[in-house]
Each structure stands twice: as structure tokens, then as C-alpha cells.
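Trainee: Structure for this input, please:
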Amino acid sequence: MIGNLSGRRMTEGLALACGAATLSVLPTPWATAQPVEATRPNIIFIMADDLGWKDVGYAGADFFETPNIDRLAGEGMVFESAYTCGPNCSPTRASLMSGTYTPRHHIYTPGGRSKGNPRYMKLLVPAVDRKDKTLAMKADEQFEVTNDLDPKFVCIPEVLKASGYTTARFGKWHLGNDVQGFDESSADGQGGPNGSFYGNIDVAERLTDRSLKFIEANRARPFFLYLCHWDVHVPHHARQAIIKKYRSKLDKIPMDQRRNFNPTYAAMIEAVDTSVGRVVAKVDELGIGEKTLIVFISDNGGLQVVSQLDPLRGGKGSLYEGGIRVPAAMRWTGTIEPGSTCDTPITSVDFLPTFARLARAPLPTTQPVDGVDIVPLMLGQPIPARAIFWHYPLYLATTWGGMVTTQLNNGRTYNWRGVPATAMRRADYKLIEFLEDHSVELYNLKDDPSEQNNLAESSPAIARTMRDELEAWQKETHAPIPITLNPEYDLSH
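Mentor: Below you'll find the predicted structure:
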């Protein structure tokens with residue numbers, strides 16, 4: 001039970017508990033007095049796929065080598081509480097492009113279906129492996145789930161083009177066939193906008209080659225480059241010479257210190273890092289660093305079998321921190337202070353309003369904009385306190401440790417990376433509501449980044465206040481809450 005206190009006492013409890021921890025930013029601005037909008041900067045947004053929070057050197061990786069990403073971070077700002085709107089790729093990308101949370105665009109997971117044994121799903125939700133067609137239809141009819149971003153959404157390239165930007169997307173899209181206003185689109189840097197290039201050992205280089213040509217061609221006018229790598233997503237493949245380098249490195253590490261170090265995964269990270277280095281070098285070579293914002297980020301948390309996620313709990317597919325907190329760094333020479341850090345939480349939906357401000361472009365009027373402008377954070381200034389949210393109404397099974405373990409009647413267990421849940425973070429506190437039974441977990445991330453000490457019972461006022469806010473957000477966004485029990489539910493096998 002969470003408890004039942006008056007609204008005033010609950011609000012006071014949360015305010016006192018949060019205190020000054022709501023924001024943590026630089027004490028003084030770095031930028032000149034000239035408004036940042038006056039420059040209408042170029043924007044380069046580089047996104048890795050499945051790169052874990054601690055898989056970069058500046059965050060503490062001690063096997064992977066990311067000198068170029070580390071240099072970018074050192075020349076700019078590291079966002080230590082950067083989040084994605086989904087625990088996997090497609091919801092994050094949809095929220096990033098549209099500036100809206102997942103319940104608005106209905107993209108929750110690649111394929112649009114729960115993955116795992118339907119017999120172990122307590123709630124009736126869309127599922128890949130459900131054999132009963134009638135039941136599958138009933139599950140699908142409960143709420144909308146899609147794979148494609150509806151063209152009705154006004155996306156970042158469309159917003160920026162209205163202000164004179166030239167736009168390009170090179171790499172993974174994962175949002176359907178509509179290119180949403182990009183002037184140039186190529187999935188592999190050579191062909192058209194469609195295609196899948198997971199595990200392609202040459203694709204990172206090809207995407208970078210195409211990106212450098214785009215930067216060269218548009219150096220004299222404002223541009224937006226969305227470079228979204230296929231690496232480091234499975235299958236894990238990389239160039240043999242780089243794999244050999246990391247195998248040799250691994251051989252020198254004592255067996256009891258090797259953890260889950262994977263030479264092929266390390267080589268894929270190096271491919272992304274090399275790309276970042278080449279892009280930054282081109283910007284500097286052309287002398288446009290002072291009018292170019294470069295963002296580096298991942299689309300979700302890493303896979304627990306290869307990523308370095310400690311001390312975070314969970315991984316890709318989970319609403320625990322390991323699934324949604326990601327590495328993020330931004331450089332804007334002369335505007336963002338080198339070597340700076342920001343603790344204030346940011347999330348995927350923030351980039352559309354932020355880029356719109358920088359471009360002096362109007363925000364969309366045909367859809368809500370759920371994010372906030374984070375330009376002040378880049379300048380070392382605070383933004384108003386707010387909550388950020390996640391919603392995942394499906395299941396995702398895993399063969400390794402996950403978010404929830406189901407105990408089967410035969411003594412065995414079944415692991416889920418993701419289960420139907422909604423989460424929110426406000427200040428240092430994070431609340432997760434599990435939709436099977438509407439139980440909640442509450443964590444103080446400042447004191448407990450591993451999310452091991454559930455405070456829902458010991459801090460009922462904070463839990464209730466946050467739950468009220470979470471329920472209001474669910475209602476406002478029409479977040480689907482599955483309530484129908486699964487008639488196939490059976491833990492006896």
C-alpha cells in the first residue's frame with residue numbers, strides 16, 4: 001500500500017524530499033551575451049544503436065576505446081541524466097522526431113507485438129507467438145500499436161526546413177516508408193531510404209562518407225544532419241583486424257576481471273567512435289565549429305550480455321535505468337563550456353523544441369509538443385522543474401536477467417526484459433507502476449542508482465504524489481492500460 005495522505009501533505013513531502021536536487025547545472029553561463037538563436041547553428045545529431053550508458057570512455061568504460069567520443073565530450077558538455085523515451089529503438093526514434101511521447105504516436109516496440117511465450121503473459125496484449133487467431137484479434141483490438149510514424153506528425157526536419165535548413169538522414173530510420181521531410185535519405189549511405197543493414201561491417205564508414213559530403217556541400221547555409229548508426233545492434237560483426245586488436249587486449253586481462261568484455265562488440269563501438277571523429281574533424285577543417293551544434297547519444301540502453309551498465313539495473317527493453325539512461329554529449333564551440341556537465345534529466349522529446357528555438361522556427365500546432373527547450377542547460381542555466389515519462393504496454397522476454405522474473409509452477413523461471421508498465425522521474429525520484437497489478441516501486445536515484453531500495457512503503461507521501469501525477473499523464477496522453485486478463489495464462493508448464 002502507498003498510503004493515503006492529504007494532497008497538501010503529499011505535495012510538501014515530495015518538495016521537501018527533492019529540495020535543491022531538482023536541478024544540477026553549471027553555476028554561470030559560458031556563452032556570450034549574443035542570443036544563441038542569432039547564429040541559427042547547423043545541427044549534427046549522431047545516434048548509436050544499443051550503446052550502453054557506460055560503454056564510452058568518459059563514462060568509465062575500461063575495455064572499450066572511444067577517444068573521439070571522449071574528445072567531443074571534453075570539448076563540450078556531458079549530460080549525465082540523459083534518457084530516451086523508449087527502452088528500445090523505434091519508440092525513441094518516433095518520440096525524438098515528433099517531440100511527442102509514445103502514447104501519442106502508438107509506437108512501443110519494433111514489430112508492434114509482445115515477444116515471448118503468451119502463456120506467461122498475465123494480461124491480454126498483442127503478441128507475436130499467439131496461435132489462437134480469434135484471441136489475437138481480440139488482443140489487437142484493445143488499443144492501437146503501430147510500426148510506422150504517421151505522416152500527420154510534423155517532425156524535426158519539417159520544422160527546420162520551414163526556417164531554411166537543408167536536412168539529411170543517413171542510417172537507420174525504423175519509422176516506416178515516409179521520410180518525414182528530409183531532403184536526402186539513405187539507409188546505408190549509398191542507396192535509398194529503405195533497407196536493413198544490421199551487422200554490416202562497412203555501413204558505418206559508408207554513412208560517414210555520405211555525411212561528410214553533405215556537410216561539405218552545405219557548409220555555407222544552415223543544415224541538419226541526422227546520422228543514425230546501425231552499430232552496435234546485433235548481430236555483432238566487425239572488421240577482423242579491429243576484433244583481433246581487442247582479442248589481444250582481452251588476453252592480457254586476468255580471467256577474474258574480464259566480466260562480459262566482447263572483442264567484436266568493442267570493435268563495433270570503435271567503428272562508431274571513428275565515425276564521430278571523422279565528422280568532428282570535418283566540421284573543424286571547414287571552420288564551422290562555432291556555428292555547429294554536435295549531439296552524440298544512443299537510442300536506448302545496452303544489452304546486458306555485452307554492455308557495461310553497472311551500477312544501473314536492467315538493460316535494453318527495461319524501464320529500469322539500464323534500459324533508458326544513455327550516454328549523451330554535446331559540443332558547440334564558443335557556446336557550450338568545454339569540460340562541463342549537466343545533471344538535469346533530459347529526454348528524447350526535448351530535441352524538437354530545442355532545435356526549433358535554435359532555428360527560430362515555429363513549433364508544430366497540429367500536435368502536442370511534450371518536450372522542453374534545453375538550450376538553457378547548454379548555457380549552464382536551469383530549466384523549470386518538470387517530470388519525464390515512459391509507457392510500455394507490452395511484454396518482452398529475455399534469456400538473461402531482466403526487469404521481472406515469473407516463477408513457474410514447475411520450479412523454473414521465465415525472465416522478462418519488459419513488462420506492461422508506466423514510469424516517471426521527477427527530481428531525484430523515479431516511480432514505476434506495473435500494470436499487471438498496479439503495484440508501484442519508488443527509488444531515489446541520487447542515493448540508489450541501482451534501484452534496489454524500493455521506497456514505496458517508507459515514503460508513502462512521495463509515492464502518492466508521483467502516482468497522482470503519473471495517472472494524470474496517462475489520462476492526458478490516452479496511454480493504453482491493458483486490463484483484460486489473458487485466458488491463455490498458465491504457469492503450469
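Trainee: CA atoms for contacts and neighbours, from now on please.
Mentor: Fine.
Trainee: Which secondary structure state does residue 103 sit in?
Mentor: At residue 103 the chain is in helix, as set by DSSP: H, G, I helix; E, B strand; the rest coil.
Trainee: Pretty sure residue 415 sits in a strand.
Mentor: Yes: secondary structure assignment places residue 415 in a strand (three-state DSSP).
Trainee: Outline the domain layout of the chain.
Mentor: Per the record, the chain has its domains at 7-17+120-144+389-477, 31-103+147-385, by automatic domain parsing.
Trainee: Could you dump those into JSON lines with mean neighbour count, mean pLDDT and distance to residue 112 added?
Mentor: Putting those into JSON lines (neighbours: other Cα atoms under 10 Å; pLDDT from 0 to 100; distance: least, Cα to Cα, whole Å) gives the following:
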{"stretch": "domain 7-17+120-144+389-477", "mean neighbour count": "18", "mean pLDDT": "90", "distance to residue 112": "8"}
{"stretch": "domain 31-103+147-385", "mean neighbour count": "21", "mean pLDDT": "96", "distance to residue 112": "6"}
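Trainee: Could you save those as a markdown table and add columns showing distance to residue 114?
Mentor: Converted to a markdown table, those look like this (distance: least, Cα to Cα, whole Å):
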| stretch | distance to residue 114 |
| --- | --- |
| domain 7-17+120-144+389-477 | 4 |
| domain 31-103+147-385 | 11 |
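Trainee: Tell me which of those domains lies nearest to residue 492.
Mentor: Proximity to residue 492 (Cα to Cα) singles out domain 7-17+120-144+389-477 among these, at 4.9 Å.
Trainee: ranges for the helices of the chain?
Mentor: Here the chain has its helices, by DSSP state H, at 7-18, 67-74, 89-98, 102-105, 133-142, 156-161, 203-217, 240-251, 263-285, 321-324, 351-359, 375-378, 460-477.
Trainee: Give the residue farthest from the middle of the chain.
Mentor: Each residue of the chain has a distance to the centre, and by Cα atoms, centre = their mean the biggest one is for residue 410: 37.0 Å.
Trainee: Would you check that that residue makes contact with residue 493?
Mentor: Yes: using Cα atoms under 8 Å, residue 410 is in contact with residue 493, at 6.5 Å.
Trainee: residues touching the residue farthest from the centre of the chain, list them.
Mentor: In this structure, residue 410 makes contact with 492-493, judged by Cα atoms under 8 Å, 6 or more residues apart in numbering.
Trainee: Quick check: the residue nearest the centre of the chain vs residue 351, distance?
Mentor: Centroid-nearest residue in the chain, with Cα atoms, centre = their mean: residue 84, separated by 2.3 Å. Here the criterion is Cα to Cα, to the nearest Å. By it, residue 84 lies 11 Å from residue 351.
Trainee: Pull the contacting residues for residue 107.
Mentor: Applying Cα under 8 Å, 6+ apart, the residues near residue 107 are 90-91, 94, 145-149.
Trainee: Please repeat the previous calculation with a cut-off of 7 Å.
Mentor: 90-91, 145-147 (Cα atoms under 7 Å, 6 or more residues apart in numbering).
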